[in-house]
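**Q** Need the 3D shape of this:
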Amino acid sequence: MINHPFRSLGRFVLAACAVSIGAASLGAQAPATTAPKSGPSPSRFDIFTGYSYFNAHGTVQPAGIPYSSINLGAIGSGAYYFNNHFGLEAVYANHPSGSGDGDSGIGGGVIYRWPMEKFTPFVHALFGTDRLGGPNCDSSTSVSGCSAATVEHEPYTWGPAVRVGGGLDYNINHRFSIRLVQADYRYIHENFGPYVGVPTGGVLGGTTGLNAIELSAGIVTHLGSITPPAPVTYACSVSPESGYPGDPMTVTGTAMNLNPNPKKVVSYTWTTNGGTVSGTSSTDNIDTKATAPGTYTVNGHVSQGAKPKPGQMADCTASYTVKAFDPPTISCAASPSSVNPGDSATITASAASPQNRPLTYGYNATAGSISSTTSTATLSTTGAAPGPITVTCNVSDDKGHSESATTSVNVIAPPPPPPPPAPQASSLCAVSFERDEKRPTRVDNEAKACLDDVALSMQRSSDAKLALVGNEDSKEQAVEAKEAARQAKRKHPEVKPSDAALRAVNTKEYLVTDKGIDPSRIMVYTGTDDGKTVTTTLIPSGAANPDASDTAVDESAVKAVPRTPLPERHAAKKKAADAATTTN
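**A** Numbers count the residues shown, from 1 in each chain. From the prediction side, this is the model:
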């Protein structure tokens, strides 16, 4: 059951990266001066089919037989979207041709996408069930290394599964996309029944909690589209636009994009700041009998349905003038009357001339900036301090008559910034002690890459601490428990440090001696994980220590073992064993 999953994984990732870079280059070739076109609405349905690679990491327990990665597989999924981003997805993947094992599964869950012009990234989370078989070593398989002493069989069995991941699509057109890469974390739990041990001519039994990385690529077919209904628009006008007090004036509103459904009742309302408006239809009369001379605004509102939503209602505004033979009149208003720092407010000046003479407008403000020669102006509060700003609206006619009015805009003080987030501890790499069976607590050369990265992290965070947690596998724990029981019966028992403690102390010794890390910044513990490992956790200043509940190592009683090479005879044997493994 020996294979090389990471070699295939590396080839797949290299190919995916090459395709991604090529697609990104095509998108970058569009002229920078060309504005992006608003293309079709995002699809309602997506159907994906393609190739899938299954990289397994797990064993059948308690036998400890590992699963192999599967290079050939197929995947298909379908997604239904409720809007531009959120939808539901169902997926089926099949990897039948493993080395003595295989997997197929179905799942369903949620998917979230970010549609863009050329690319569509997405994430999803699904739950379902997988049909997992193997690892097998019997007459039905061609696994090398099988013999009468290792024969065993695990039948295909269904169990719960979880899939979490995401990917990136390159959009060819509105109908097809290339899924450059889809990367998913897979967790599969299987119970094969009671464990009977190896060898066996029947079912081996046992359980597995299989972790896997699944990489896929292929073609996405898009069906349907998500097109929101056009919003209701409303325009209104007054006829005639000016007159003397008491003259008839009619306001007419025209609504567009209304729903033709007769059950969606259309309602009209009118308000004005000069005179009164009677009626609740799209055409109503403005009564100006008691209206003082000036320029006024009528506001119309249309809505559809008992509880209209955004897009089902709209407003319109129209102006009209009541004339009088008096000097110009003016009123000044701000909308909104309160703004955040840097925002703008619309200043509206309503003015009238007795003989309908040409009018000229002007504005000034105690803070910010404003400039206009029409009945509306924009007050910019950029650079203004929080508090009220007084705006003066001025109007004059061509006969030299002038009037002024003021309004106020309040600049709201900004809220204080939020406090910074609390620091968090982070897990770094784990050191494996599986390779050197003669010296199972020695930090070997292959562990240096991990510890060199840990040392760099410690050097970058000079005020951080490091927690090292040594672990033993179940076999070592059983041996030490048996030895402890034997020593307990002796008159003068000999207490030896555990392999977990020695691994933690030896790891610290390497970081202190070889990498120059201050020993006071490193804490050593023994943990309960099943494995010959030392886990590393970086704890920034002020962060909680997640390993504080583990057992602290008494460093006065447990001393580091110097890193000495194997004797020449053992080194030669180890080199030959490594060469044999590589050949297989």
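**Q** which non-adjacent residue is nearest the residue nearest to the spatial centre of the chain?
**A** Ranked by distance to the mean C-alpha position of the chain (Cα atoms, centre = their mean), the top residue is residue 123 at 7.5 Å. Closest residue to residue 123 apart from its sequence neighbours, by Cβ to Cβ, 6 or more residues apart in numbering: residue 166 at 3.8 Å. For glycine as for every other residue, the C-beta is placed from the backbone atoms N, C-alpha and C.
**Q** Look at that neighbour and report its pLDDT.
**A** If you check residue 166, the pLDDT there is 97.
**Q** Quickly find the element holding it.
**A** strand 157-171 (DSSP states H and E).
**Q** Please name the nearest non-neighbouring residue to residue 266.
**A** residue 304 (5.2 Å).
**Q** I figured that neighbour hits residue 265, correct?
**A** Yes - in this structure, residue 304 is within contact of residue 265 by Cβ atoms under 8 Å, at 7.1 Å.
**Q** quick one: which of the two has more around it?
**A** Counted by other Cβ atoms under 10 Å, residue 304 and residue 265 do not tie: residue 304 has more neighbours, with 20 against 10.
**Q** wait, what's in contact with that one?
**A** 232, 258-259, 264-267, 312-313 (Cβ atoms under 8 Å, 6 or more residues apart in numbering).
**Q** Could you turn the buried ones of the residues you listed into a PyMOL selection?
**A** Only the buried entries of the contacts of residue 304 go into this PyMOL selection, using 16 or more other Cβ atoms under 10 Å:
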select buried, resi 232+266+312+313
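**Q** So which of the contacts of residue 304 are in strands?
**A** 266-267, 313 (DSSP state E).
**Q** Looking at those residues, which one is closest to residue 417?
**A** Distance to residue 417, by Cβ to Cβ, is smallest for residue 313 among these, at 37.1 Å.
**Q** how about the nearest residue to that closest one, chain neighbours excluded?
**A** Per Cβ to Cβ, 6+ apart, closest to residue 313 is residue 303, 3.9 Å.
**Q** Let me know the secondary structure of the one you found.
**A** Here residue 303 is recorded as strand under DSSP: H, G, I helix; E, B strand; the rest coil.
**Q** which ones are touching it?
**A** 266-267, 312-313.
**Q** can you rerun that using 7 Å?
**A** 267, 312-313 (Cβ atoms under 7 Å, 6 or more residues apart in numbering).
**Q** what are the bridge partners for it, then?
**A** residue 267, residue 313 (DSSP bridges).
**Q** what do you get for residue 54?
**A** residue 70, residue 214.
**Q** Show the model's pLDDT score for it.
**A** Confidence score, pLDDT, at residue 54: 95.
**Q** got a list of what it touches?
**A** So residue 54 contacts 69-70, 73, 95, 103, 212, 214 (Cβ under 7 Å, 6+ apart).
**Q** let's see 6 Å
**A** 70, 73, 95, 212, 214 (Cβ atoms under 6 Å, 6 or more residues apart in numbering).
**Q** Hmm, residue 74 and the third one touching each other?
**A** Read it as residue 95. No - using Cβ atoms under 6 Å, residue 95 is not in contact with residue 74, being 8.2 Å away.
**Q** out of those two, which sits in the busier spot?
**A** The neighbour comparison of residue 95 against residue 74 (other Cβ under 10 Å) goes to residue 95, with 25 against 16.
**Q** what are the bridge partners for the more buried one, then?
**A** Going by DSSP bridges, residue 95 forms beta bridges with residue 103.
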